[in-house]
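*Asks:* With the sequence up front, the predicted model follows.
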Amino acid sequence: MKHGKKYVDALKLIDKTKLYDPIEALELACKTATAKFDETIEAHVRLGVDSRHADQQVRGAVILPNGTGKSVRVAVFAKGDQAKAAEAAGADIVGAEDLVERIQTEGFLDFDVAIAAPDCMGLVGRLGKVLGPRGLMPSPKAGTVTPDTGKAVEEAKAGKIEYRLDKTNIIHCPIGKASFGSKKLAENLDVLMEAIIKAKPAATKGQYIKSCTVTSTMGPGVKFNANKYLLAPSEK
C-alpha cells in the first residue's frame, strides 16, 4: 500500500523498534496528526485471548473523563415513561415498533449508540442482523439495555464508549481528538486500559496484553508499553 508524503514524513518521527511510554506515544500520535481536520486518536490493544470461546470474551463500557470530542447521536428503543426520560435526557431519536420498522424498511441507521429498555428487547432482537455487525446492538454488559434510559443517554452523550474484541482479538477504541493534547488523552487512555485489565477473563492463560498502539486517523501507529497498567496500585 502506497502512503502519501505526510504519512511518510510522520513515519520518520517514530522508532518502530521502540516501546514508548504511554504519554510519549500520545505526544507522537498528536504530532503526526497533520490532516486539515481534528483527527481522532485511537487505542488498539491486542489481547492474548481467543474470541472464539465464550469464556474468553472481553467486553464492557467506560466513561472517558474527557469525553471523545465527538457529538454522539443516540437512538433509544423505549415506551411510556422510559421513552419520556430518554427524550428529556437528550436522545436524538426515541421509538419502539415505529423505530424498528423504520430501520427495517428504510435502512435508517443515523445514530452512533443504541439503548433499549428491557421490555423492548423482544422488538430489538429482530434487528440483530442489522445492528450486530455494526456494533450497535444494545447489551446489558455495556449498560445499553437498562430501565434507566435517561441515565444511559446522559452517559453516552458524556463520552461513554464500548470496548469489545474483534475477530483478531484486538480492541479498537477512540480515546479523543488530537486537539485534546497528550495529558487529556492520557487520562482517557488510563481509564480504558484499567477497564480492559479488570475485564481479564478467568480462562485466560499466558500473557494477557500482547501489544498496544495509539494512532491518529491518518497517521502511523505508535507502540507503547502497557507495564504501568499491570502494576498493583501501590507499585505505580
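*Replies:* Looks like it arrived, so ask away.

*Asks:* what's the domain layout of the protein?
*Replies:* Per automatic domain parsing, the structural domains of the chain span 5-67+160-235, 74-158.

*Asks:* Dump those to JSON lines, plus mean pLDDT.
*Replies:* Listed next are these as JSON lines, based on pLDDT from 0 to 100:
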{"stretch": "domain 5-67+160-235", "mean pLDDT": "90"}
{"stretch": "domain 74-158", "mean pLDDT": "94"}
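
*Asks:* Give the helix, strand or coil label for the residue positioned nearest the centre of the chain.
*Replies:* Central residue of the chain (CA atoms, centre = their mean): Cys173, 3.8 Å from the mean position. Recorded secondary structure, Cys173: strand (DSSP: H, G, I helix; E, B strand; the rest coil).

*Asks:* I'd say it and Tyr163 touch.
*Replies:* Yes. Counting by CB atoms under 8 Å, Cys173 does reach Tyr163; the two are 5.1 Å apart. Just so you know, the C-beta spots here come from the backbone N, C-alpha and C atoms, and that holds for glycine as well.

*Asks:* Please report the distance of the closest residue to Ala35 other than its chain neighbours from Leu28.
*Replies:* In space, and not counting its chain neighbours, Ala35 is closest to Met218: 4.8 Å by CB to CB, 6 or more residues apart in numbering. Distance of Met218 to Leu28, computed by CB to CB, to the nearest Å: 14 Å.

*Asks:* Buried ones in stretch 187-206, by neighbour count?
*Replies:* Under the neighbour-count criterion of 16 or more other CB atoms under 10 Å, stretch 187-206 has 188-193, 195-196, 199 buried.

*Asks:* Might one say that Lys184 is in contact with Gly176?
*Replies:* Yes. Contact between Lys184 and Gly176 holds when scored by CB under 8 Å: they sit 6.3 Å apart.

*Asks:* between Cys173 and Tyr163, what contacts are shared?
*Replies:* Taking CB atoms under 8 Å, 6 or more residues apart in numbering as the criterion, Cys173 and Tyr163 both touch Leu192.

*Asks:* which neighbours do Lys184 and Gly176 share?
*Replies:* Asn66.

*Asks:* What is the helix or strand hosting Ile115 packed up against?
*Replies:* Here Ile115 is covered by strand 113-116, with elements defined by DSSP states H and E. Here strand 113-116 touches strand 74-77, helix 149-158, going by 3 or more CB pairs under 8 Å, 6 or more residues apart in numbering; DSSP states H and E.

*Asks:* which stretch among those comes nearest Ala88?
*Replies:* Closest to Ala88 of those is helix 149-158 (CB to CB; 6.2 Å).
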